[in-house]
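S.K.: Sequence first, then the predicted structure, then my questions.
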Amino acid sequence: MSLTDLLAQPASLDWHRRLAQLIREAPTPQFPLSLSTQLQELSGFDTILINTYQGRLRPLLIHDDYPAHKRQQGIDRYLSEAYLLDPFFAAVDGGLDQGAHRLKELAPDRFEASDYYHHYYRALGLADEVGLFARVAEDVVIVASLGFRADGGKLTRRTLQALRHIAPLVEVLLVEYWKWQGGQFQADLDAQAPVEAAFASFGAGVLTAREQEIVRLLLAGHSTKSAARELDISDGTVKVHRKHLYQRLGVSSQSQLFRLFLDHVALVSRQQNG
């Protein structure tokens, strides 16, 4: 089909009217809601979070559609502690800053067996998730995260392809939005406590630097083999380190390690907040 044929279709007129509306609203405070509306009609997502990431600081939420009774699990827990183990956060930290990406493509190999998944993610009721990534400033990335529940709208291959096709457009619109509205958020973004300090200090004085690295990977959902690959060491070496760090921290399972880590995050957060 030629470009002319594509644009001559009746459905094309409706899409371009919607696009024109988004372009008009890109510099305004209304844009996140308008973008959410159009993405919902396109993909049929069940939930949306639009988060702003600056380095390893705590993310700043700029839009969501979570009802009040689900905010503690879906929003508050994520922003207070869970984001540290989020595959999208890890992807941004690793340099990913454009395109539409499925969570399952970015997550570690044992993500669904991780305590993060069981204690936080599974409670959201999501079966799938797609993130639209956009670098809007030198040190700022926005991710529009579209969630699909097991009992809601299903993410089809066709829908995923459509999201990937419009990702460059969404990126440009988010850049325009941030250019005009970013100043409204910058002070809040700069003030976000770097709970990343919890990772840096967890086990400090007890664990070696290598053992701290392995803790981070295990908590995020990496298997022994995957952690070994990430660190370029053998599976056996990872197992030895894991045995030693369990002994030094006084835990006997990954679930106990996870709970100990969350307690540490809470302590660090209280200290940072005075």
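M.R.: Ah, there it is. Numbers count the residues shown, from 1 in each chain.

S.K.: and the gap between residue 198 and residue 81?
M.R.: 8 Å (C-beta to C-beta, to the nearest Å). All C-beta atoms are positioned from the backbone trio N, CA, C, and that covers glycine.

S.K.: tell me the pLDDT at residue 168?
M.R.: According to the prediction, residue 168 has pLDDT 97.

S.K.: what sits in contact with each of residue 198 and residue 81?
M.R.: Residues touching both residue 198 and residue 81 (C-beta atoms under 8 Å, 6 or more residues apart in numbering) are 265, 269.

S.K.: Show which residues not belonging to the helix or strand bottoming out on mean pLDDT in the chain make contact with it.
M.R.: Every helix and strand of the chain was ranked by mean pLDDT, DSSP states H and E. The lowest is helix 196-201, at a mean of 78. Helix 196-201 has contacts (C-beta under 8 Å, 6+ apart) with 56-57, 84, 212, 216, 261, 264-265, 268-269, 272.

S.K.: what are the C-alpha coordinates of that helix, in PDB please?
M.R.: Taking Å, rounded to 0.1, in the frame of the first residue of the first chain, the C-alpha atoms of helix 196-201 are listed here in PDB:
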ATOM      1  CA  GLU A 196      19.600   4.000  45.900                       C
ATOM      2  CA  ALA A 197      21.700   4.600  49.000                       C
ATOM      3  CA  ALA A 198      19.900   1.600  50.500                       C
ATOM      4  CA  PHE A 199      21.600  -0.600  47.900                       C
ATOM      5  CA  ALA A 200      25.000   0.900  48.400                       C
ATOM      6  CA  SER A 201      24.800   0.600  52.200                       C
END
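
S.K.: buried set for that helix?
M.R.: 196, 198-199 (16 or more other C-beta atoms under 10 Å).

S.K.: swap in stretch 42-52?
M.R.: Here stretch 42-52 shows 43, 45-52 as buried, counting by 16+ other C-beta under 10 Å.

S.K.: Inside helices: which ones of these?
M.R.: residue 43 (DSSP state H).

S.K.: ok, back up a step: quick check: helices, which of the contacts of helix 196-201 are part of them?
M.R.: 212, 216, 261, 264-265, 268-269, 272.

S.K.: Mind checking which of these are buried?
M.R.: 212, 216, 261, 264-265, 268-269.
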